[in-house]
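**Q** Sequence and predicted structure, then a few things I'm wondering about:
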Amino acid sequence: MKVKNITGYRPPSCGCDSCEEHWEKATNSTFTTCVRKRCGNSATVGGHVINYQGNSSNVSYIVPLCNTCNSIPTDEYYDINSWALPILSTDTRAC
Ligand SMILES: [Zn+2]
Ligand SMILES: [Zn+2]
């Protein structure tokens with residue numbers, strides 16, 4: 001999956017304290033490694049991204065990113081690993 005970062009961060013409206021917590025609940029996984037291919041740093045933030053293939057650019061996902069990858073310019077596409085478990089930022093079923 002190819003994604004790009006988006007700005008205009010909004011905290012989840014579900015009551016979670018952070019995007020990290022939101023992602024962990026939705027995936028039932030632990031925040032560990034940045035999902036950018038060939039990165040391998042520890043993930044520190046729940047980054048907001050949109051899917052390159054998706055035409056509906058208002059569909060955003062949350063994925064674990066390190067600070068470096070979360071700072072990639074918003075016009076630059078990059079690959080994330082197949083194990084990334086991107087969740088819809090609007091998915092509050094597990095909250
Ligand atoms: Zn949540
Ligand atoms: Zn990274």
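**A** Cool, the structure landed. Ligands and ions are numbered 1, 2, ... in the order given.

**Q** need the contact list for the residue positioned nearest the centre of the chain.
**A** Ranked by distance to the mean C-alpha position of the chain (C-alpha atoms, centre = their mean), the top residue is residue 63 at 2.2 Å. By C-beta atoms under 8 Å, 6 or more residues apart in numbering, the contact list for residue 63 reads 3, 23, 35, 46-47, 49, 80, 84-87. From N, CA and C alone the C-beta is placed, and that goes for glycine too.

**Q** Format the CA atom coordinates belonging to whichever strand or helix holds it as CSV.
**A** Applying DSSP states H and E as the criterion places residue 63 in strand 60-65. This file holds the C-alpha atoms of strand 60-65, laid out as CSV (Å, rounded to 0.1, in the frame of the first residue of the first chain):
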residue,chain,number,x,y,z
SER,A,60,-7.8,8.7,6.1
TYR,A,61,-6.1,5.9,8.0
ILE,A,62,-4.0,5.8,11.2
VAL,A,63,-0.8,3.8,11.1
PRO,A,64,2.2,3.7,13.6
LEU,A,65,5.0,5.9,12.4
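
**Q** next structured bit after it?
**A** Read in the C-terminal direction, the helix or strand following strand 60-65 is helix 67-70, with elements assigned using DSSP H and E.

**Q** So which residues make contact with that following helix?
**A** Helix 67-70 is touched from outside by 5, 34, 36, 39, 41, 44-45, 47, 78, with contacts defined as C-beta under 8 Å, 6+ apart.

**Q** next one: stretch 23-42
**A** With C-beta under 8 Å, 6+ apart as the contact definition, stretch 23-42 has outside contacts at 16, 20, 43, 46, 62-66, 68-69, 78-81, 83-87, 91, 93-95.

**Q** Give me the spatial nearest neighbour of residue 65, chain neighbours excluded.
**A** Residue nearest to residue 65 in three dimensions, not counting chain neighbours: residue 47, with 3.6 Å by C-beta to C-beta, 6 or more residues apart in numbering.

**Q** Could you pull up the residues touching that neighbour?
**A** The contact partners of residue 47, by C-beta under 8 Å, 6+ apart, come to 5, 19, 62-65, 69-70.

**Q** I'm done for today, thanks for sticking with me.
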